[in-house]
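# model this:
(2 chains)
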Amino acid sequence: MNAPLRLHTPLAEKDLEKLAIGDKVLITGVIYTGRDAAHKRLFDLIEQGKELPLDLKGQIMYFVGPSPAKPGQAIGSAGPTTSYRMDAFSPRLIELGLKAMIGKGNRAQAVLDAMKKHKAVYFGATGGAGALLAKAIKKAEIVAYEDLGPEAIRRLEVEDFLVIVINDVRGNDLYAEGARKYRKC
Amino acid sequence: MREIAASEIIPVVRDLCMSANYDLGQDVLNAFDRAGASDESPVAREVLQELKENARIARQEQVPLCQDCGLAVLFVEIGQDVHVTGGDLKAAISQGVQQGYADGYLRKSACHPFTRRNTGDNLPAIIHLDIVPGDTIRITMAPKGGGSENMSRVTMLTPAAGYAGVKEFVVNRLREAGGNPCPPTIVGIGIGGTFERSALLAKKALLREIGTRNPDPEIAGMELDILDEINRLGIGPMGYGGNTTSLDVFMEMEPCHIASLPLAVNINCHSARHKEAVI
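Alright, predicted model coming up:
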């Protein structure tokens, strides 16, 4: 594989345009966490026309519910959860300026369409590698919905957080291309 | 009759919860090595290397392999010559789970189905009790993550579907699941019995060590046949493309009703965690 590219947050559209599916990317900066319950709450606020607890413009949403931090750790194990459960919510968040998502697994066509239209990308992090991925997370603080426990929205400061480009801004899909390349049936 | 105090069971279960979540089995690590040496895709080989590194960190630092520390699934075989004293067996197991998840910094993932309110202690545990000959208690803790469990299915095929129907259903399930269940997966197949029996057989099949075959040579052949077909799908580790979509297929089979062909497919992620203790 080629050497990884580097991205800093907040994300600029010109940086995202350079990315192609299969590219390895090291992210440094701030990413936000959110999964099922937090997405539902954000969506309800949007429906009601209320202000969100975070500004999504140029941001990255990481679908993760970390395990509790041991003393001395910034965060517990923190690998991605399966993304399709957020498919109902992601297009609206992308419209509001969200530029990238980190997760694992296929996305619905509506999410792929929204990414292409608004120039957003979808990154994969290695599922089940939560102990390894946590090493790149230097700081974690809850910014909303503390009552949700592991599902609370957290602000993470990351250094060289490794991801791979699954969907680029041109609508390409690593899952489709990867399986096509290695299929033998 | 051998007496075992309920209080003796609690710390055993507590420790199993932690070791299962920190310490990946050598059979899985060996399977990563074999796949890492043979997969045609460079991305696949790199992912497998990350998984090995992840397992090394988890074991060394005693932290969870995966943030999803699962619902606690416990298979408990109680010798018929054992008398549990001083308390309720299931309560003791539950207390062990509660302590293990709290003391081990494991994520608590149990919640109310509709309100989604977390129960806070990862209870209730899923406890499968069985009475067997002997005077010991054998406890297997197999934490099960949500991502791969969500990709599992039970179906009632028609008898006419036969093995071809079973194979088609299983391979299609893996194709549709794609990268969702964290491949390379391990596939448990339960055939026969009733609706719920097939699911239990599939779950139990996942406890086998990678590379072990069903003692029935015909079923063993089916396991390898289905594994080969799955690994032709091209899905690969994490769905990024490759020849390693599943590490193994385990099939358990029992007779069924003349009208039915129950089939359960229980998918396990590569973090195939299970630990056993005998009291």
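
# all strands of chain B, in order?
Listed in chain order, the strands of chain B (DSSP state E) span B:2-5, B:73-79, B:82-85, B:126-132, B:137-141, B:153-157, B:185-193, B:246-256, B:261-268, B:275-278.

# quick one: contacts for A:E17?
A:K119, A:V169 (Cβ atoms under 8 Å, 6 or more residues apart in numbering or on different chains). Backbone N, C-alpha and C define where each C-beta goes, glycine included.

# got the strands of chain B as TSV, with mean pLDDT, mean neighbour count and distance to chain A columns?
Converted to TSV, the strands of chain B look like this (pLDDT from 0 to 100; neighbours: other Cβ atoms under 10 Å in any protein chain shown; distance: least, Cβ to the nearest Cβ, whole Å):
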stretch	mean pLDDT	mean neighbour count	distance to chain A
strand B:2-5	96	14	30
strand B:73-79	98	20	17
strand B:82-85	96	15	32
strand B:126-132	98	13	19
strand B:137-141	98	22	17
strand B:153-157	98	16	16
strand B:185-193	98	25	10
strand B:246-256	98	21	13
strand B:261-268	98	25	11
strand B:275-278	98	15	17
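
# spatially nearest residue to B:R107, not counting backbone neighbours?
Of all residues not flanking B:R107 in the chain, A:S67 sits nearest, at 4.0 Å (Cβ to Cβ, 6 or more residues apart in numbering or on different chains).

# that neighbour: neighbouring residues, count only.
By other Cβ atoms under 10 Å in any protein chain shown, the residues close to A:S67 number 30.

# what sits against it?
When contacts are counted by Cβ under 8 Å, 6+ apart, A:S67 touches A:G76, A:S77, A:A78, A:G130, A:P150, B:V63, B:P64, B:Q67, B:C69, B:Y105, B:L106, B:R107.

# so the first one is in contact with A:P68, correct?
Looking back up the chat, that one is A:G76. Yes. Under the criterion of Cβ atoms under 8 Å, A:G76 makes contact with A:P68 at 5.0 Å.

# and for these two, which residues touch both?
Taking Cβ under 8 Å, 6+ apart as the contact definition, A:G76 and A:P68 share the neighbouring residues B:Y105, B:R107.

# neighbour count: those two, which is higher?
A:G76 (24 against 20).

# thinking again about what came up before, can you put the strands of chain B in JSON lines and add distance to A:Q48?
Shown next, in JSON lines, are the strands of chain B (distance: least, Cβ to Cβ, whole Å):
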{"stretch": "strand B:2-5", "distance to A:Q48": "56"}
{"stretch": "strand B:73-79", "distance to A:Q48": "40"}
{"stretch": "strand B:82-85", "distance to A:Q48": "54"}
{"stretch": "strand B:126-132", "distance to A:Q48": "38"}
{"stretch": "strand B:137-141", "distance to A:Q48": "44"}
{"stretch": "strand B:153-157", "distance to A:Q48": "37"}
{"stretch": "strand B:185-193", "distance to A:Q48": "41"}
{"stretch": "strand B:246-256", "distance to A:Q48": "45"}
{"stretch": "strand B:261-268", "distance to A:Q48": "38"}
{"stretch": "strand B:275-278", "distance to A:Q48": "47"}
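
# give me the pLDDT for A:E13.
With respect to pLDDT, A:E13 scores 89.

# same check on B:T115?
89.

# and B:L174, by the same measure?
At B:L174, pLDDT is 98.

# do the one 5 residues further on as well
If you check B:G179, the pLDDT there is 96.

# next, count neighbours for it.
B:G179 has 27 nearby residues by other Cβ under 10 Å.

# wait, it touches A:L174, no?
No. Counting by Cβ under 8 Å, B:G179 stays clear of A:L174, with 9.1 Å between them.

# mutual contacts of those two, please.
A:G124, B:Y240.

# and the strand ranked longest in chain A, what does it pack onto?
Criterion DSSP E: the longest strand present in chain A is strand A:153-167. With contacts defined as 3 or more Cβ pairs under 8 Å, 6 or more residues apart in numbering or on different chains; DSSP states H and E, strand A:153-167 has these neighbours: strand A:24-33, strand A:121-124, strand A:137-144, helix A:174-182.

# among the ones you listed, which is the most enclosed?
Stretch with highest mean neighbour count among the helices and strands packed on strand A:153-167: strand A:121-124 (a mean of 25; mean count of other Cβ atoms under 10 Å in any protein chain shown).

# relative to that strand, what are the paired strands and their orientations?
strand A:100-103 (parallel), strand A:153-167 (antiparallel) (DSSP bridges).

# next SSE downstream of that strand?
helix A:130-133 (DSSP states H and E).
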